[in-house]
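Undergrad: One predicted model, sequence on top.
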Amino acid sequence: MNKVVNFIDLHSGEEDKKKVLDNVKSNISFRGSNLWILACAIVVASVGLNVNSTAVIIGAMLISPLMGPIIGAGFGLGIYDFNLLKRSLKNLLIATVVSLVVSTIYFFLSPFKDTQSELLARTSPNIYDIFIAFFGGLVGVIAMTRVEKGNPIPGVAIATALMPPLCTAGYGLALGNFKFFFGAMYLYTINCVFICIATFIIVKYLEYPIVKQTNLKAEKRVKYMISFLTLALIVPSIFFAYQLFQEKKYKQKVELFLKVEFIDKGFTVLYKKTQFTSNPKKIDIAFLRKRLDKNEIKELNGKLKTYELNNTVLNIIQDTTDLKQDILNEITFNNKTMSQKDLIIAKLQSQITSLKFDNNAILNETKILFPEIDNIAIANHIFNENQSTKKVITVVLYESKNELNTAEKQKLRAWLKNKFKTDVVEIYKRQ
């Protein structure tokens with residue numbers, strides 16, 4: 001049993017606690033270079049979200065210094081160091097405000113404001129985000145307290161993903177989309193809180209020494225204050241985790257209901273939206289073609305309880321318009337548009353063909369009649385004489401040692417007019 005305990009004991013390979021605390025304190029401050037690194041990382045992350053590039057977003061997360069004050073806050077709570085906690089929260093606030101300002105300015109100035117999938121992914125947190133933040137935070141703190149740091153820290157920065165939600169919040173502010181802003185800030189807050197809680201747990205487990213105050217009364221006051229803050233942090237977090245877990249379970253039940261009652265019966269669900277936070281909860285769906293009467297809708301609402309979808313209303317979005325016909329009309333319109341484009345392209349290709357000649361074939365014939373000509377190029381040129389009349393002139397450019405005399409030019413002109421059934425031929429020697 002002792003061997004098993006020793007095998008998993010975190011005290012083995014632990015760095016000196018004083019060195020760890022000094023390292024934590026040095027990474028808290030956002031001044032000078034740290035602030036510039038943060039601002040540049042925010043711009044890089046914003047660009048990544050803007051162009052929907054996962055690789056760029058990962059790069060921004062790797063250079064972000066945001067983890068420092070969050071871990072500092074966790075240490076401050078764990079060792080009852082009120083000054084460390086206050087400094088950490090102050091710097092975290094500075095970092096958050098700077099990040100929001102920089103990302104908002106970027107997205108406000110950016111000409112590309114499309115909502116990409118990487119942006120959407122940061123607007124609605126779920127239960128998995130809590131697991132990632134908590135266990136990622138555990139890995140980060142454990143790595144920081146080791147003599148050999150190893151390489152988990154970059155992975156933690158990527159996994160916990162603090163920067164993308166902040167950039168998404170800036171995107172929401174830039175576009176005036178407060179749903180995006182609050183959703184992204186909610187995800188950012190969850191990440192910060194659960195990294196902090198993970199840090200607090202490891203600090204307590206490793207028995208970091210509690211900071212002694214100048215007198216017993218002050219020490220008790222700090223302990224009570226930090227204990228209250230710890231509870232204020234943990235209790236709502238448990239509630240948030242429970243809510244997100246319930247939402248995940250609810251959505252799974254909704255998917256089962258839709259599958260059994262509609263999809264398995266051959267009905268195509270064109271649109272679906274679940275409103276978990278409303279009272280009563282709502283499921284909005286629309287079908288491609290199926291129409292339901294009031295009795296069928298009432299019967300389906302009655303079946304919701306069978307799937308444990310209590311306090312839920314099923315809302316079928318349907319009107320007199322046949323959605324299938326609308327889609328077919330749209331396809332027909334698109335096909336017609338494409339056909340028109342094909343006709344235009346064909347017409348342009350025909351025009352280009354009419355203006356071009358096979359110069360190689362013509363040269364072979366020309367050399368039989370005019371051996372002195374070494375090379376020749378022929379093309380039709382269209383000139384507008386007035387708004388209604390166009391004139392086509394065949395222009396001939398030839399190469400030879402000596403310029404053709406007047407008689408030879410007349411002979412060449414007559415031959416070309418007869419060959420190409422054209423009225424005007426102009427001949428020039430290439431200089």
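TA: Okay, I see it. Treat the numbers as computed from the prediction; the structure is a model and nothing was measured. Numbers count the residues shown, from 1 in each chain.

Undergrad: Strands along the chain, start to end?
TA: 269-275, 281-287, 312-316, 373-384, 390-400, 425-429 (DSSP state E).

Undergrad: which parts of the longest one are buried?
TA: Buried residues in strand 373-384, counting neighbours by 16 or more other Cβ atoms under 10 Å, are found at 373, 376, 378, 380. All C-beta spots, glycine's among them, are computed from the backbone N, C-alpha and C.

Undergrad: Where does pLDDT dip in the stretch 101-250 of the chain?
TA: For the stretch 101-250 of the chain, the stretches with pLDDT under 70 are 116-124, 126, 149-160, 213-219, 222.

Undergrad: show me where it has helices.
TA: 117-120, 127-144, 152-160, 163-175, 178-205, 216-261 (DSSP state H, counting those that start in this stretch).

Undergrad: Can you say which of these is packed in most?
TA: helix 163-175 (a mean of 26; mean count of other Cβ atoms under 10 Å).

Undergrad: Could you name the helices and strands sitting against that helix?
TA: Judged by 3 or more Cβ pairs under 8 Å, 6 or more residues apart in numbering; DSSP states H and E, helix 163-175 is in contact with helix 33-51, helix 54-63, helix 82-109, helix 117-120, helix 178-205.

Undergrad: switch the cut-off to 6 Å
TA: helix 33-51, helix 54-63, helix 82-109, helix 178-205 (3 or more Cβ pairs under 6 Å, 6 or more residues apart in numbering; DSSP states H and E).

Undergrad: For the first one, enumerate the helices and strands it packs against.
TA: Packing partners of helix 33-51 (3+ Cβ pairs under 6 Å, 6+ apart): helix 54-63, helix 82-109, helix 163-175.

Undergrad: Which strands and helices lie in contact with the shortest one?
TA: Based on contacts counted as 3+ Cβ pairs under 6 Å, 6+ apart, the elements that helix 54-63 packs against are helix 33-51, helix 152-160, helix 163-175.

Undergrad: what angle sits between that helix and helix 33-51?
TA: Here helix 54-63 runs at an angle of 170 degrees relative to helix 33-51 (axes from the mean of the first three to the mean of the last three Cα atoms, to 10 degrees).

Undergrad: The last one now?
TA: For the pair helix 163-175 and helix 33-51, the angle between their directions (the same axes, to 10 degrees) equals 70 degrees.

Undergrad: contacts for helix 163-175?
TA: The contact list for helix 163-175 (Cβ atoms under 6 Å, 6 or more residues apart in numbering) reads 45-46, 49, 57, 60-61, 64, 99-100, 103-104, 107-108, 119, 122, 180-181, 184-185, 187-188.

Undergrad: Return the distance of it from the chain's centre.
TA: Distance, stretch centre to chain centre, for helix 163-175: 11 Å (Cα atoms, centre = their mean, to the nearest Å).

Undergrad: quick one, that helix and helix 82-109 angle?
TA: Going by the same axes, to 10 degrees, helix 163-175 makes 50 degrees with helix 82-109.

Undergrad: which residues does Ala60 contact?
TA: Taking Cβ under 6 Å, 6+ apart, we find Ala60 in contact with 41, 44-45, 48, 163.

Undergrad: again but with Val141, I slipped
TA: 199, 202.

Undergrad: List the beta-bridge partners for the closest residue to Glu426 other than its chain neighbours.
TA: Nearest residue to Glu426, sequence neighbours excluded (Cβ to Cβ, 6 or more residues apart in numbering): Val395, at 5.3 Å. Following DSSP bridges, Val395 is listed with bridge partners Ala379, Glu426.

Undergrad: For burial, what's the neighbour tally of Val395?
TA: Residues lying near Val395 (other Cβ atoms under 10 Å) number 14.
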